[in-house]
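> got a structure for you, letters missing:
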């Protein structure tokens with residue numbers, strides 16, 4: 001099994017366990033009872049210039065423990081003060097050491113739109129995301145059949161919640177577009193073996209029409225990397241490890257934004 005297969009299997013097991021506590025129909029009803037969202041995440045990325053989605057991530061399957069100390073609310077507030085446009089929060093608990101509680105607390109702490117970064121394999125995870133305060137959810141094309149992807153996009157639309165549809169190759173980009181994605185992420189990291197190819201976004205950029213938001217994910221470490229994303233016409237970059245390892249996250253974000 002690949003790492004991605006294991007992540008997906010564990011996500012399914014988490015969903016089965018969670019539904020023993022709260023059945024899917026009750027979860028769905030609670031989420032739909034909330035006022036519909038206003039697609040704040042994608043609206044934030046439509047602003048002029050390169051937007052920065054700054055990630056709260058404690059660990060990863062490839063790098064192990066990244067942040068032994070993880071004051072996630074303080075980190076998120078620091079990102080907001082430093083000029084981040086959106087915040088991504090890992091909620092996957094086994095390999096990334098994330099938690100739903102992290103997202104819920106961060107969404108209450110900051111005014112920025114938050115992305116629930118997890119391995120969505122069940123519709124219930126979208127309702128969870130909305131109830132936790134997320135403005136967006138991650139949908140990974142390689143985990144979802146095309147019809148299921150379209151269904152999940154429709155659920156997000158009904159909730160007023162944006163969907164970042166993650167791709168890695170030309171076929172996945174075409175699948176995302178056919179399903180109606182308004183925001184496509186190209187992951188420079190191959191989730192099957194966690195190798196990183198910084199040029200992956202550049203190769204796939206031309207496949208995404210200008211009216212669809214384009215997010216380059218993973219591999220942004222330096223100001224030059226961010227400048228390359230800007231030059232290729234990316235609307236946003238998602239930055240995790242580089243910020244999480246930085247002793248001064250404010251200075252690192254300023255560096256990536258070209259302000260130093």
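Thanks, I have it. Note that this is a predicted model, so its numbers are computed, not measured.

> Go ahead and confirm residue 163 touches residue 140.
No. Taking contacts as Cβ atoms under 8 Å, residue 163 lies outside contact range of residue 140: 10.8 Å. C-beta: built from backbone N, CA, C; applies to glycine.

> List the buried residues in stretch 145-155.
Judged by neighbour count using 16 or more other Cβ atoms under 10 Å, the buried positions of stretch 145-155 are 148-149, 152-153, 155.

> picking up where we left off before, looking at residue 163 and residue 140, which is more packed in?
Neighbour tally, residue 163 and residue 140, criterion other Cβ atoms under 10 Å: the higher count belongs to residue 163, 31 against 23.

> which SSE is the more buried one in?
In this assignment (DSSP states H and E), residue 163 forms part of strand 162-167.

> what's the average pLDDT for that strand?
Taken as a whole, strand 162-167 has a mean pLDDT of 98.

> for stretch 119-128, same thing?
Here the average pLDDT along stretch 119-128 is 98.

> Quote the end-to-end distance of it.
13 Å (Cα to Cα, to the nearest Å).

> Show me what counts as buried in it.
Neighbour-count burial for stretch 119-128 [16+ other Cβ under 10 Å]: 119-128.

> Strands of the stretch 151-260 of the chain, residue ranges please.
Under the criterion DSSP state E, counting those that start in this stretch, the stretch 151-260 of the chain carries strands at the ranges 162-167, 183-187, 213-217, 236-239.

> next one: the stretch 1-150 of the chain
51-56, 59-60, 64-65, 86-90, 114-117, 136-140.

> Kindly reformat those as JSON lines containing distance to residue 176.
JSON lines is the format used below for the strands of the stretch 1-150 of the chain (distance: least, Cβ to Cβ, whole Å):
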{"stretch": "strand 51-56", "distance to residue 176": "17"}
{"stretch": "strand 59-60", "distance to residue 176": "23"}
{"stretch": "strand 64-65", "distance to residue 176": "31"}
{"stretch": "strand 86-90", "distance to residue 176": "18"}
{"stretch": "strand 114-117", "distance to residue 176": "16"}
{"stretch": "strand 136-140", "distance to residue 176": "8"}
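
> Those strands: which one's closest to residue 39?
In terms of Cβ to Cβ, the element of those nearest to residue 39 is strand 136-140, at 8.4 Å.

> Can you list the helices and strands that the closest one packs against?
Using 3 or more Cβ pairs under 8 Å, 6 or more residues apart in numbering; DSSP states H and E, the elements in contact with strand 136-140 are strand 114-117, helix 124-131, helix 146-159, strand 162-167.

> mind giving me CSV with those and columns for distance to residue 71?
Shown next, in CSV, are the helices and strands packed on strand 136-140 (distance: least, Cβ to Cβ, whole Å):
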stretch, distance to residue 71
strand 114-117, 17
helix 124-131, 23
helix 146-159, 30
strand 162-167, 25
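
> thinking again about what came up before, between the buried residues of stretch 145-155, which is nearest residue 217?
Using Cβ to Cβ, the buried residues of stretch 145-155 come closest to residue 217 at residue 149, 17.4 Å.

> Identify the residues contacting that closest one.
Counting by Cβ atoms under 8 Å, 6 or more residues apart in numbering, residue 149 touches 139, 141, 165, 175-176, 179.
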